[in-house]
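Undergrad: here is a sequence together with a model predicted from it:
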Amino acid sequence: MTTANTPYSHLATLMAQYSEQRTTGSVVDYKDYASLQRELQALDLKEGAQDWGSIWALVDTYLKYSVKTAHPQYFNQLWAGQSEPALVGSVIESLANTSMYTYEVAPVATLIENEVLSRFRSVFGFASGEAQVTTGGSNSNYLSLLLALHKKFPELKQQGLNNLPNVAVFVSAEAHYSMDKAMVMSGIGLDSLVKVPVDETGVMLMPELEALINQSILDGRVPVSIIGTAGTTVRGAFDNFTRIAEIAHAHDCWFHIDGAWGGGVAFSAQTRTLLAGSEMADSLSWDGHKMLGVPLMCGVLFVREQGHFDRVCNLGDTSYIFHSGAERQDLGPYSLQCGRRVDMFKMWLEFVYYGEQGLEARINHFMQLSELAETIIKDEPTLELQSTRWINNICFRSKHPDTINANDFNKTVRERLYQQGQSLVNIAYLGDDLTIRLIITNKDVTEQDIRQFFQNWLACAASVEEELLQCA
Ligand code: ABU
């Protein structure tokens, strides 16, 4: 087989074509579940025939019906876009197919991971601490809870939960749902999770936090961890980290920050102040695949003091695998995983290509576009901003005639835009009110794209309103 007709040459062509197409046309060629199932069945795949025709037909269908997450009208998630250097890193990492546990099998990847994490520890104010790559924010939040529990109760490692007192963990009522999962996975249970009310901008209320801690102590619970959020999932709110640090210190509690989304503000001088006090946290989650836009996954957990990963993750008879004995040469003993992808390679290529200045400009670009979106909403009488804008989350909705249910109305507009392939933007709830959560985090999105989004939204809202009023 010559190079010209190997699957790899076809793959290279296809990648180039898809990279062009994914930013143009419709955001999605929408089909409902049953119709898409029929399309896949119609492919008539020859299983076991070792036939490249079947493979490419399947790949084409996969791409044809995938949502174009790099499209400039894709605002649905806390990640979007495509960055070429990082994409190259992601592909090459798969091509070399190594695993991040030993220096022996991953020599260059180990050096790169150590270098990238060391640079980022400084960016996030954890220069003398440690950092570990995770599978993403949920996993980082879970790992941080384990570190907190094991610090507080060293006997946990040997005895498990048997002799543990009742504990309490405190999070914002608007924290990410991974906190609930972490409680279940760690075995301390949902009853130990205390959700602290927030103010009208989404910030955890400090007097309520203190009152709930005191009540927990009266109820016989030991406070273990307070979790602040840097950039809540819906509003993008930032908690008061300086105050949380003081409260955590007073109660001998671990202080964790979920910065999976908003931690990205650390890369810009304009936005970094939102993280004031975060350097006093015991740990901080951050995802490079969110605001920095490298391909999924690229999660990191930073810890202020060294030794915590080793205490929780370095276990069992590993003599068959870890032979180096040198600190941070075999990276497996610091991780919850065994086999692990080289997620920092793509991050490194992105960092090398754009530099700190390029990344800073990217964050500033998101904030500028978000300001524009906010202005458009405020200037348009039929739209309303539903929460103070902190960063590049914008929560808004269309106003509505009294005879129409606001939640149903806005949901219908959003779904119609999706099914017509015009845009994809998410919904969430602020209390009982549905909100449209617009996330601007694709580095290639322009002012014109933002204006286009609102033009499409308003046109669709007008036609949905007309239909609903006719039915009413
Ligand atoms: N941690 C994943 C959040 C996903 C999203 O809200 O877009």
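TA: Yep, it's here. Numbering: from 1, shown residues only.
Undergrad: contacts and neighbour counts: CA atoms only from here.
TA: Fine.
Undergrad: pull up the residues of the stretch 201-350 of the chain that are close to the ligand.
TA: Residues of the stretch 201-350 of the chain that fall close to the ligand, judged by Cα under 6 Å from any ligand atom: T233.
Undergrad: nearest to the ligand: which residue in the stretch 201-350 of the chain?
TA: The ligand sits closest to T233 of the stretch 201-350 of the chain, with a gap of 5.4 Å, by Cα to the nearest ligand atom.
Undergrad: now that residue. Nearest residue, chain neighbours left out?
TA: In this structure, T233 finds its nearest non-sequential neighbour in H176, 6.4 Å apart by Cα to Cα, 6 or more residues apart in numbering.
Undergrad: contact partners for the residue of the stretch 201-350 of the chain closest to the ligand?
TA: T233 sits next to L78, E174, A175, H176, W261 when contact means Cα atoms under 8 Å, 6 or more residues apart in numbering.
Undergrad: which pLDDT value belongs to it?
TA: Predicted confidence (pLDDT) for T233: 98.
Undergrad: host element of E246?
TA: helix 241-250 (DSSP states H and E).
Undergrad: ok, now A260?
TA: A260 belongs to no helix or strand, assigned by DSSP H and E.
Undergrad: now swap in the one 10 residues further on and tell me
TA: In the assignment (DSSP H and E), Q270 maps to no helix and no strand.
Undergrad: grab the longest helix from the protein for me.
TA: Longest helix of the chain, by residue count under DSSP state H: helix 343-379.
Undergrad: just how off-centre is that one within its chain?
TA: Between the centre of helix 343-379 and the centre of its chain there are 15 Å (Cα atoms, centre = their mean, to the nearest Å).
Undergrad: buried residues in that helix?
TA: For helix 343-379, a neighbour-count test (16 or more other Cα atoms under 10 Å) marks 343-351, 358-360, 362-371, 373-374, 376-377 as buried.
Undergrad: and the residue in the chain positioned nearest to the ligand, which of the three is it?
TA: At 3.3 Å from the ligand, Q77 is the closest residue in the chain, using Cα to the nearest ligand atom. Under DSSP: H, G, I helix; E, B strand; the rest coil, the three-state class of Q77 is coil.
Undergrad: so which residues of the chain form helices?
TA: Under DSSP H, the chain gives helices at 7-21, 33-41, 52-65, 84-96, 107-123, 137-152, 156-159, 178-186, 206-218, 241-250, 308-313, 343-379, 406-419, 447-471.
Undergrad: contact partners of the fourth one?
TA: Taking contacts as Cα under 8 Å, 6+ apart, the residues outside helix 84-96 that touch it are V294, P295, R341, V342, D343, F345, K346, M347, W348, L349, E350, Y353.
Undergrad: quick one: end-to-end distance for stretch 67-81.
TA: 12 Å (Cα to Cα, to the nearest Å).
Undergrad: and if you look at stretch 399-415?
TA: Using Cα to Cα, the two ends of stretch 399-415 sit 17 Å apart.
Undergrad: buried residues of it, list them for me.
TA: Those would be H400, A406, N407, F409, N410, K411, T412, V413, R414, E415, for stretch 399-415 by 16+ other Cα under 10 Å.
Undergrad: now, among the contacts of helix 84-96, which is nearest to E47?
TA: Using Cα to Cα, R341 is the member of the contacts of helix 84-96 that sits closest to E47, with 28.8 Å.
Undergrad: so which bits of stretch 9-25 are buried?
TA: Burial within stretch 9-25, assessed by neighbour count using 16+ other Cα under 10 Å, is assigned to R22, T23.
Undergrad: please save the CA atoms from that stretch in CSV.
TA: Extracted in CSV, the C-alpha atoms of stretch 9-25 (Å, rounded to 0.1, in the frame of the first residue of the first chain):
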residue,chain,number,x,y,z
SER,A,9,-4.1,10.2,3.3
HIS,A,10,-7.9,10.0,3.2
LEU,A,11,-8.0,11.1,6.8
ALA,A,12,-5.8,14.1,6.2
THR,A,13,-8.1,15.3,3.3
LEU,A,14,-11.2,14.7,5.3
MET,A,15,-9.8,16.6,8.3
ALA,A,16,-9.0,19.6,6.1
GLN,A,17,-12.4,19.5,4.5
TYR,A,18,-14.3,19.2,7.8
SER,A,19,-12.3,22.0,9.5
GLU,A,20,-13.5,24.3,6.7
GLN,A,21,-17.1,23.1,6.8
ARG,A,22,-17.6,23.1,10.5
THR,A,23,-17.6,26.9,10.7
THR,A,24,-20.1,27.4,7.9
GLY,A,25,-23.6,26.4,6.8
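Undergrad: now do it: distance to the chain's middle.
TA: Counting by Cα atoms, centre = their mean, stretch 9-25 comes out at 26 Å from the chain centroid.
Undergrad: tell me the mean pLDDT for it?
TA: Rounded mean pLDDT across stretch 9-25 is 96.
Undergrad: about what we covered before: okay, angle between the longest helix of the chain and helix 107-123 too, please.
TA: 40 degrees (axes from the mean of the first three to the mean of the last three Cα atoms, to 10 degrees).
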